[in-house]
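>>> sequence? don't have it. structure:
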């Protein structure tokens, strides 16, 4: 190998630097022409991983795994390949470098069998966490023939003799080796710490400069939040006058601040729509974090539309006038680490054999290094239960944080057992305070993972009187063969201001077309909202709707369910296609929201269109069954708290198994059993809230965008195509992403209406309706 080592390695800007005899390299030269020396990368990754894992007392374990993760790079063939590649510029095939470090750790961990699965952290630090059964077989094979691994270990020992320390790193003192779920989560969290540390240390080599945000203390953020909130409230009252609703919201807010003194754990924020959950939840979370030394707040919401709105509100209260931004909005559904496919016609989800993951895409994936995160529930669950590096590198950021699960009723029943079990682990062992926020609080304590030993405290002690005070609509029910989307659209159009919420994008498109066909073709007051529109387009539509309502202009809006939570609109009349009571109540929250009209004059009609999408297709069938016995004409209204409680209990009884491994359970008991077996890939596959086989995000650069915005979006797309993105690249594109079914994307690729960007991300170049976005396929 000495001849190769003596060669000059050419860096991207034309300089060169020899590799001295006896030195090992981890990465090729960066922009300064300097090699990334092996020992620098190994120790740097280990120390950063230790820092990340200290909150759960796993620092020693994370350090060892981080220090030794690249031990396989010491092999002669690997070193020769990298140096040859850097010298000639030609790609070389290098042997895998994960076995040696995994074997080194497994030998040290033999006295502590509970820690042995952590060898999978090294084994999968580039490819993802594998099932423990597969890792165990691989380790057994390595134990039987370790010649190649030992060669790498021997060579690394020459520059890092400390790797021969075969003492077993200490496990966190709370770990019960018999609790397989606790072991499973420890592997996940440690994997996250090591992967993020590896990526950050590598990024710092290739792109010198800070890659970790400066720390912003929660006391400072809490003080800024409260001061700006009071300023905003005073300004609102100056311009619009004080109202009884302002006083009620302030009383609720102050009660929440008193509750924030309580010790970390699980809290329920049960408030009716319009009582100020967004500001109250943020205030509780920040004050609680400030008082208890927590380091981050993560707000997770079910719909992208809410992240966009909430992030804007939190930015106005938290981001400084100068310096690093505080609030990070993250909802991108893009797997930037997916290899680019061999051809545009390749199935974008399964055709991943044609390329290699892009280095810069991997280094630039979002890792939630910010003090205040606004994300979607999809991204949060993917973070906790995924198995790929790009998804899980941010998991360790949840430790010692407040997680606000907004609209918690939207969690899918089929995944509740593993979700609740995972959240319980985070609360009990990783310093998390969990806030369950909703106007329709589900009875989660009725399910196995929370049935005992996990107390829940109420942020607002007695919410029932608030629901009576804030009841602002009267419900009507419309059924029968004469009820159609067209009849409801016609009836809604008779009102000056009306909202129609339907169960799918095709239904929304149909209602909007009906309105436009009745001499309203260019009417700016006829609006449409769905995920087929880009994030920026949705935000513009919501803002235009809000402005028209405030100016008392005629306004008709048809929307899918994305409008139902957190979108602050105030219609005088509402229509909701039959769904579940919690969804119907949320839709009603957009009618008479500010309480300016008598409830008897503000009607919310629940209708069952014979030509609309069947709610059983969209919603849980057991939920529909439980609801049909309790809510409807002559039965209870959706905001009856006692009946809602009975409804949730019945709904869960129809599905939940007797224990976490019950194969007959329909709330994810089989997934929980897979977790106990440490089957990470299968758990990740089954835990998808949105089925990625059927829904996919695409970038759309709309023709009507301002020139500056178009240029910024195109620049971000070009950065991805050239393989030079930064985290800001993906944040820029969030405004330009829409969602369509997988089959429609495949058709668009074949017809030239979609072009590959990177990974599984495509640009939509086909028709885009100025009001409806990407039209549903016939």
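Structure received. The structure displayed is predicted, hence computed values, not measured ones.
>>> what's the helix or strand for the residue nearest the centre of the chain?
Nearest to the mean C-alpha position of the chain, counting by CA atoms, centre = their mean, stands residue 379 at 1.5 Å. Per DSSP states H and E, residue 379 falls inside helix 377-385.
>>> quick one: that helix to chain centroid distance?
5 Å (CA atoms, centre = their mean, to the nearest Å).
>>> re earlier: what's the distance between the residue nearest to the centre of the chain and residue 311?
Per CB to CB, to the nearest Å, residue 379 is found 13 Å from residue 311. Yep, even glycine has a C-beta here, placed from its N, CA and C like the rest.
>>> give the contact list for residue 38.
Going by CB atoms under 8 Å, 6 or more residues apart in numbering, residue 38 touches 23, 24, 25, 26, 70, 73, 74, 156, 159, 160.
>>> Am I right that the second one is in contact with residue 156?
In this case it means residue 24. Yes - using CB atoms under 8 Å, residue 24 makes contact with residue 156 at a distance of 6.7 Å.
>>> Just to check, the residue nearest to the centre of the chain is in contact with residue 328?
No - Residue 379 is not in contact with residue 328 according to CB under 8 Å; the separation is 11.4 Å.
>>> what's the burial count for residue 81?
18 (other CB atoms under 10 Å).
>>> With the flanking residues excluded, which residue is spatially nearest to it?
Once flanking residues are discounted, residue 81 sits nearest to residue 94: 3.7 Å by CB to CB, 6 or more residues apart in numbering.
>>> swap in residue 423?
Leaving out its chain neighbours, the residue that sits closest to residue 423 by CB to CB, 6+ apart is residue 434, at 5.8 Å.
>>> Give me the contact list for the strand or helix carrying that neighbour.
Per DSSP H and E: residue 434 is located in strand 433-438. The contact list for strand 433-438 (CB under 8 Å, 6+ apart) reads 264-271, 277, 281, 284-285, 288-289, 292, 294, 401-409, 423, 426-427, 444, 456, 459, 582.
>>> Just the buried ones from these?
Among those, those buried by neighbour count (16 or more other CB atoms under 10 Å) are 264, 266-271, 277, 281, 284-285, 288-289, 292, 294, 401-409, 423, 426-427, 444, 459, 582.
>>> now, which of the residues you listed lie within strands?
266, 267, 268, 269, 270, 401, 402, 403, 404, 405, 406 (DSSP state E).
>>> With respect to residue 151, which of the residues you listed is nearest?
Each of these was scored against residue 151 by CB to CB, and residue 401 proved nearest at 42.8 Å.
>>> follow-up on the earlier one: remind me what the helix holding residue 379 packs against, helices and strands.
strand 296-301, helix 389-392, strand 401-406, helix 416-429 (3 or more CB pairs under 8 Å, 6 or more residues apart in numbering; DSSP states H and E).
>>> Now do the shared contacts for residue 24 and residue 156.
In contact with both residue 24 and residue 156: 38, 73, 74, using CB under 8 Å, 6+ apart.
>>> The helix or strand where residue 512 lies: which residues count as buried?
Under the criterion of DSSP H and E, residue 512 resides in helix 505-517. Residues 505, 506, 507, 508, 509, 510, 511, 512, 514, 515, 516 are the ones in helix 505-517 that count as buried (16+ other CB under 10 Å).
>>> Now distance to residue 683 too, for the residues you listed, in a markdown table please.
Conversion of the buried residues of helix 505-517 to a markdown table gives the following (distance: CB to CB, whole Å):
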| residue | distance to residue 683 |
| --- | --- |
| 505 | 30 |
| 506 | 33 |
| 507 | 34 |
| 508 | 34 |
| 509 | 36 |
| 510 | 39 |
| 511 | 39 |
| 512 | 40 |
| 514 | 44 |
| 515 | 45 |
| 516 | 46 |
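>>> residues making contact with stretch 769-778?
Taking CB under 8 Å, 6+ apart as the rule, stretch 769-778 contacts 505-506, 508-509, 512, 526-528, 530, 532-534, 537, 698, 700, 704, 738, 740-741, 743-744, 747, 764, 766-768.
>>> Show me the residues you listed that map onto helices.
505, 506, 508, 509, 512, 537, 743, 744, 747 (DSSP state H).
>>> ok, so what distance separates residue 135 from residue 101?
Taking CB to CB, one finds residue 135 at 13 Å from residue 101.
>>> Mind checking which of these two has more residues around it?
With neighbours defined as other CB under 10 Å, residue 135 and residue 101 compare such that residue 101 has more, 31 against 24.
>>> Can you find which helix in this protein contains the most residues?
helix 180-206.
>>> Now find how far off-centre that one is within its chain.
Distance, centroid of helix 180-206 to centroid of chain: 18 Å (CA atoms, centre = their mean).
>>> So which elements touch that helix?
Using 3+ CB pairs under 8 Å, 6+ apart as the test, helix 180-206 ends up in contact with strand 25-27, helix 38-53, helix 59-68, helix 119-123, helix 359-364, helix 389-392, helix 416-429, helix 669-676.
>>> Rebuild the ones you listed as CSV, extending it with distance to residue 492.
Shown next, in CSV, are the helices and strands packed on helix 180-206 (distance: least, CB to CB, whole Å):
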stretch, distance to residue 492
strand 25-27, 61
helix 38-53, 53
helix 59-68, 57
helix 119-123, 56
helix 359-364, 45
helix 389-392, 41
helix 416-429, 35
helix 669-676, 41
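>>> which non-adjacent residue is nearest residue 560?
residue 530 (4.7 Å).
>>> oh sorry, the question was meant for residue 52
residue 193 (3.8 Å).
>>> what about the one you found, neighbour count?
Residue 193: 34 neighbours (other CB under 10 Å).
>>> State the distance from it to residue 432.
From residue 193 to residue 432 the distance is 15 Å (CB to CB).
>>> and residue 6, what pLDDT?
pLDDT recorded at residue 6 is 40.
>>> scratch that, residue 344
33.
>>> Hmm, residue 545 is touching residue 527, no?
Yes - counting by CB under 8 Å, residue 545 touches residue 527, with 5.6 Å between them.
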